[in-house]
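> Below is the sequence, then the predicted model.
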Amino acid sequence: QVQLVESGGGLVQAGGSLRLSCAASGRTFSSYAMGWFRQAPGKEREFVAAITWSGTSTYYADSVKGRFTISRDNAKNTVSLQMNSLKPEDTAVYYCAAPSHEHTFVVGASHYAYWGQGTQVTVSS
C-alpha cells in the first residue's frame, strides 16, 4: 500500500520552471516504479513521465521530452518532476501515481492503482 501527496504546483509564465514533489508513505516505496500524469480541463488524463523503482531508467511522453525530468530519492520516499521551458499547453492538474504491482514499469494509467490528490500547474502566455 502506498499513499501519495503532491506539492509544488502554481502559476508560472511561459518559459518558466516549476518543480513538483510527491511524498510517499508506505514501507515498500522503493519497490514501486513511479509515474507522473496530468489532466487538462475537458481532456483525458495523460502520461507524462515514469521512473523505475531503482531510479536507473526513465521514460517520457514526447510532448515533455527534453523539458521535464523525473527523479526519485528512495531514502526520503519522494519523487520529483522538474519542469522547464513550460508552455501554456502544459497547464493541467498533475498527479503522481504508483502502479498496482511492485517492480513493474508501465506507462498506461490503467496500470496505476495509487494516486495522489493532484496539484494544479497553470502556465500563462
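Yep, that arrived. Nothing here was measured: the structure is a model prediction, and the numbers come from that model. Numbers count the residues shown, from 1 in each chain.

> Can you show me the CA trace of the host helix or strand of residue 38 as CSV?
Using DSSP states H and E, residue 38 sits in strand 34-39. Output of strand 34-39 as CSV, limited to C-alpha atoms (Å, rounded to 0.1, in the frame of the first residue of the first chain):
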residue,chain,number,x,y,z
MET,A,34,6.5,5.9,-10.1
GLY,A,35,4.8,8.0,-12.7
TRP,A,36,3.5,11.5,-13.3
PHE,A,37,0.3,12.1,-15.2
ARG,A,38,-1.7,15.2,-16.0
GLN,A,39,-5.2,16.1,-16.8
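
> mind listing what's buried in the helix or strand that contains residue 19?
Assigned by DSSP H and E, residue 19 belongs to strand 18-25. By neighbour count on 16 or more other CB atoms under 10 Å, the buried set for strand 18-25 is 18, 20-24. All C-beta spots, glycine's among them, are computed from the backbone N, C-alpha and C.

> got it, and stretch 103-111?
Quick answer for stretch 103-111 (16+ other CB under 10 Å): 105-107, 109.

> what do you get for stretch 49-58?
Buried positions in stretch 49-58, judged by neighbour count with 16+ other CB under 10 Å: 49-53, 55, 58.

> what helix or strand does the spatially closest residue to residue 15 that is not a sequence neighbour sit in?
The spatially closest residue to residue 15, leaving aside those adjacent along the chain, is residue 85, at 6.2 Å (CB to CB, 6 or more residues apart in numbering). When elements are assigned from DSSP H and E, residue 85 belongs to no helix and no strand.

> which residues touch residue 85?
Going by CB atoms under 8 Å, 6 or more residues apart in numbering, residue 85 touches 15, 17, 67.

> so who does the last one touch?
Residue 67 makes contact with 83-86 under the criterion CB under 8 Å, 6+ apart.

> For residue 5, see how far away it is.
Using CB to CB, to the nearest Å, residue 67 is found at 24 Å from residue 5.

> Break down this structure into its strands, ranges please.
In the chain, the segments counted as strands under DSSP state E are 3-7, 10-13, 18-25, 34-39, 46-51, 58-60, 68-73, 78-83, 92-99, 112-115, 119-124.

> Please tell me I have it right and residue 6 contacts residue 117.
Yes. With contact defined as CB atoms under 8 Å, residue 6 reaches residue 117; the gap is 6.8 Å.
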